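A.B. asks: Here is my input, please return the structure:
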Amino acid sequence: VQLQASGGGLVQAGGSLRLSCVASGRTFTKYNMGWLRQAPGKEREFVASIAWSGDSTWYADFVQGRFTISKDNTANTLYLQMNSLKPEDTAIYYCARGWGPDTDNYHYWGQGTLVTVSS
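C.D. replies: Residues are numbered from 1 along each chain as shown. From the prediction side, this is the model:
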């Protein structure tokens with residue numbers, strides 16, 4: 001499967017962005033999917049994941065209800081709605097196939113989309 005993330009950009013603190021990740025291939029519906037991020041000078045970290053059926057989600061503690069992950073299997077697209085953004089959310093955001101907070105569980109990473117939150 002190939003993944004193409006988009007939707008990043010520059011936003012002020014408190015603002016919102018919606019990231020999208022389009023997957024190629026006919027088996028997208030069978031995969032758990034996730035969003036991860038990597039800030040400058042830091043290791044890649046888990047943000048959120050969603051079960052293949054869309055009925056179960058898992059969020060990192062720092063999300064604190066600000067982000068929502070969703071999945072449209074008919075459109076082969078994964079989303080991350082990000083609200084109340086903070087400067088510390090600045091990072092490259094990646095979509096990948098996998099589940100849970102261990103980044104080693106993720107495969108077939110997309111190319112990433114840069115999110116910059118100004119204070």
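A.B. asks: Could you confirm residue 20 falls within a helix?
C.D. replies: No. Counting by DSSP: H, G, I helix; E, B strand; the rest coil, residue 20 is not found in a helix; it is strand.
A.B. asks: So what touches stretch 11-18?
C.D. replies: Contact with stretch 11-18 is made by 7-9, 79-87, 115-119, as judged by Cβ atoms under 8 Å, 6 or more residues apart in numbering. C-betas here are computed from N, CA, C, even on glycine.
A.B. asks: Then stretch 86-94?
C.D. replies: 5, 8, 13, 19, 35-40, 42, 44, 47, 62, 80, 82, 109-119.
A.B. asks: what does stretch 53-60 contact?
C.D. replies: Residues outside stretch 53-60 that contact it (Cβ under 8 Å, 6+ apart): 45-51, 67, 69-71, 73, 99-101.
A.B. asks: tell me the least confident of these?
C.D. replies: When the contacts of stretch 53-60 are compared by pLDDT, residue 73 scores lowest at 86.
A.B. asks: Could you find the closest non-adjacent residue to that residue?
C.D. replies: Excluding its sequence neighbours, the residue lying closest to residue 73 (Cβ to Cβ, 6 or more residues apart in numbering) is residue 29, at 4.2 Å.
A.B. asks: Tell me the pLDDT of that neighbour.
C.D. replies: 76.
A.B. asks: same check, this time on residue 97
C.D. replies: 93.
A.B. asks: Spit out the contact partners of residue 23.
C.D. replies: Contacts of residue 23 (Cβ under 8 Å, 6+ apart): 1, 2, 3, 4, 33, 76, 77, 78.
A.B. asks: What about the residues you listed, which are in strands?
C.D. replies: Secondary structure defined by DSSP state E assigns 3, 4, 33, 77, 78 of those to strands.
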